[in-house]
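Student: only geometry, no sequence info:
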Ligand code: GDP
């Protein structure tokens with residue numbers, strides 16, 4: 001059977017997927033006393049196989065995600081536990097929101113353990129894009145954020161792209177050690193872990209008890225043939241990602257589902273683009289130029305004159321300008337302004353974390369004001385495509 005590292009035994013945080021004292025869905029320690037606390041399971045359900053907590057039961061059967069979740073401190077404590085282990089850390093990021101999904105200061109939490117950076121959702125890229133170019137871009141951006149990596153793998157968990165290479169690299173770098181998988185929520189960590197279980201673990205029989213998407217609350221240990229394990233960690237909820245702020249029902253509209261189709265707008269200065277009522281870009285000053293938007297196809301864009309923009313938003317948010325739908329408008333923080341100056345020269349992306357990005361040509365420079373819900377990260381970077 002699988003051997004545990006001493007530190008992990010001390011922390012008592014590692015759940016075997018066959019450990020009946022922990023929830024087979026999210027890994028939390030089970031308890032039967034307090035229904036308002038995490039890990040609650042009615043005593044009569046304890047002999048079920050697999051045994052899951054009431055929160056996972058509700059998620060599974062009623063799609064009810066309202067149960068308690070971990071706070072940021074708990075996440076960081078769990079991450080911090082990795083520093084005391086000798087392992088390989090697989091950090092999954094979302095190519096659609098690279099800067100928004102990188103774990104800031106990851107190296108502080110994980111000690112000297114090597115990081116294999118796995119960039120997911122590459123199926124969203126147009127076929128013609130050269131993967132070496134993407135690799136170079138990722139390398140540069142990771143360095144910019146102070147993240148040292150032993151290697152980078154480009155994958156699509158959903159479309160099964162790049163997995164042979166990922167498995168080879170995991171074997172090469174883990175050198176017989178455990179693998180900790182870390183990432184923000186909605187980057188596709190559950191999809192990737194489920195695929196790894198299928199391809200990599202000796203645990204075919206455990207598939208039915210694999211974590212339900214996005215619900216892991218504690219470490220979940222998936223045994224490997226050599227007695228080591230892949231250890232899934234809870235997804236970190238970054239409230240600077242729009243995906244974490246919108247109502248779950250609206251997520252399918254903003255998460256792209258297939259290859260990104262660039263939407264190109266030729267704009268004159270003093271024109272505005274609305275992205276539903278989720279964000280807005282004012283082209284304040286500059287020569288007529290193109291703005292290429294990489295957002296979900298399901299999201300409606302609206303062009304108007306800058307002088308009309310406030311009025312249009314006030315009158316039509318939640319209706320013509322949606323999402324959010326009228327009933328979810330109040331759930332979202334108000335839009336705040338980010339003044340941005342696009343320099344003359346190379347192509348630049350303006351990223352709105354979780355929503356996508358706008359590529360600006362840069363031949364003549366431009367002055368923009370980007371509006372996004374308060375707290376959502378807006379960043380300027382060298383163009384990805
Ligand atoms: P988690 O919160 O990180 O565990 O993420 P999930 O595995 O639940 O995935 C979050 C969303 O991203 C879901 O809508 C998935 O369908 C989608 N997703 C996951 N992997 C991929 C991928 O490789 N490509 C694309 N386009 N979407 C993906």
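Tutor: Received, thanks. None of these values were measured; they are calculated from a predicted model.
Student: where does the stretch 151-300 of the chain have low pLDDT?
Tutor: 200-217 (pLDDT under 70).
Student: Now do the helices in it.
Tutor: Using DSSP state H, counting those that start in this stretch, the helices found in the stretch 151-300 of the chain span residues 163-174, 189-200, 242-245, 251-254.
Student: mind checking which of those helices is nearest residue 112?
Tutor: helix 163-174 (13.5 Å; CB to CB). Any C-beta I mention is one placed from the backbone N, CA and C, and that applies to glycine too.
Student: which parts of the closest one are buried?
Tutor: By 16 or more other CB atoms under 10 Å, the buried positions in helix 163-174 come out as 163, 166, 169-170, 173-174.
Student: re the thing from before, the helices of the stretch 151-300 of the chain: which one's closest to residue 294?
Tutor: Taking the helices of the stretch 151-300 of the chain one by one with CB to CB, helix 251-254 is closest: 12.3 Å.
Student: Remind me what the closest one packs against, helices and strands.
Tutor: helix 242-245 (3 or more CB pairs under 8 Å, 6 or more residues apart in numbering; DSSP states H and E).
Student: Residues in contact with the helix it packs on: which ones?
Tutor: 97, 185-186, 237-239, 251, 254-255, 278-279, 331-333, 352-355, 372-373, 375-376 (CB atoms under 8 Å, 6 or more residues apart in numbering).
Student: Give me the subset of the residues you listed that also touch the ligand.
Tutor: Residues of those in contact with the ligand (CB under 6 Å from any ligand atom): 185-186, 255.
Student: Which one (most neighbours) among those?
Tutor: residue 186 (23 neighbours; other CB atoms under 10 Å).
Student: Quick check, that residue in contact with residue 93.
Tutor: No: using CB atoms under 8 Å, residue 186 is not in contact with residue 93, being 11.2 Å away.
Student: returning to what we had before: of the contacts of helix 242-245, keep whichever come out buried.
Tutor: Buried among those (16+ other CB under 10 Å): 97, 185-186, 237-238, 251, 254-255, 278-279, 332, 352-355, 372-373, 376.
Student: Now for the residue of the chain found nearest the ligand: which residues touch it?
Tutor: Using CB to the nearest ligand atom, residue 188 is the residue of the chain that sits closest to the ligand, at 2.8 Å. By CB under 8 Å, 6+ apart, the residues touching residue 188 are 92, 94, 120-121, 157-158.
Student: quick one: which two of those residues are the most distant?
Tutor: Every pair of those checked by CB to CB; the farthest is 92 and 158, at 12.7 Å.
Student: what about those two, which has more around it?
Tutor: residue 92 (26 against 16).
Student: partners of the more buried one in the sheet?
Tutor: Beta bridges link residue 92 to residue 118, residue 183, judged by DSSP bridges.
Student: Tell me the spacing between it and residue 183.
Tutor: 4 Å (CB to CB, to the nearest Å).
Student: And for residue 295?
Tutor: 22 Å.
Student: Please apply the same query to residue 171.
Tutor: Taking CB to CB, one finds residue 171 at 20 Å from residue 183.
Student: Same question for residue 24.
Tutor: For residue 24 relative to residue 183 (CB to CB), the value is 21 Å.
Student: again with residue 355
Tutor: In terms of CB to CB, residue 355 sits 19 Å off from residue 183.
Student: again, but for residue 366
Tutor: In terms of CB to CB, residue 366 sits 34 Å off from residue 183.
Student: Same check on residue 43?
Tutor: For residue 43 relative to residue 183 (CB to CB), the value is 35 Å.
Student: what do you get for residue 350?
Tutor: Separation of residue 350 from residue 183 (CB to CB) stands at 24 Å.
Student: ok, the two, which is more surrounded?
Tutor: residue 183 (26 against 22).
Student: pretty sure the more buried one is touching residue 191, no?
Tutor: No: checked against CB under 8 Å, the pair residue 183 and residue 191 is beyond contact range at 11.0 Å.
Student: for the ligand, what are the nearby residues on the stretch 51-200 of the chain?
Tutor: So the stretch 51-200 of the chain meets the ligand at 120-121, 123-124, 156-159, 183, 185-191 (CB under 6 Å from any ligand atom).
Student: For these, name the two members farthest from one another.
Tutor: 159 and 185 (20.4 Å).
Student: ok, which stretches of the stretch 151-300 of the chain are strands?
Tutor: With DSSP state E, counting those that start in this stretch as the criterion, the stretch 151-300 of the chain has strands at 151-154, 178-183, 220-223, 229-232, 263-267, 271-275, 279-285, 289-295.
Student: can you put those in JSON lines and add distance to residue 111?
Tutor: Below are these laid out as JSON lines (distance: least, CB to CB, whole Å):
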{"stretch": "strand 151-154", "distance to residue 111": "19"}
{"stretch": "strand 178-183", "distance to residue 111": "11"}
{"stretch": "strand 220-223", "distance to residue 111": "19"}
{"stretch": "strand 229-232", "distance to residue 111": "15"}
{"stretch": "strand 263-267", "distance to residue 111": "44"}
{"stretch": "strand 271-275", "distance to residue 111": "40"}
{"stretch": "strand 279-285", "distance to residue 111": "38"}
{"stretch": "strand 289-295", "distance to residue 111": "36"}
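Student: Now for residue 84, how many residues are close by?
Tutor: 16.
Student: give me every residue that touches residue 159.
Tutor: residue 123.
Student: Next, the contact list for the residue nearest the centre of the chain, please.
Tutor: Nearest to the geometric centre of the chain sits residue 187, at 2.8 Å (CA atoms, centre = their mean). Applying CB under 8 Å, 6+ apart, one finds that residue 187 lies in contact with 92-94, 97, 101, 120-121, 235.
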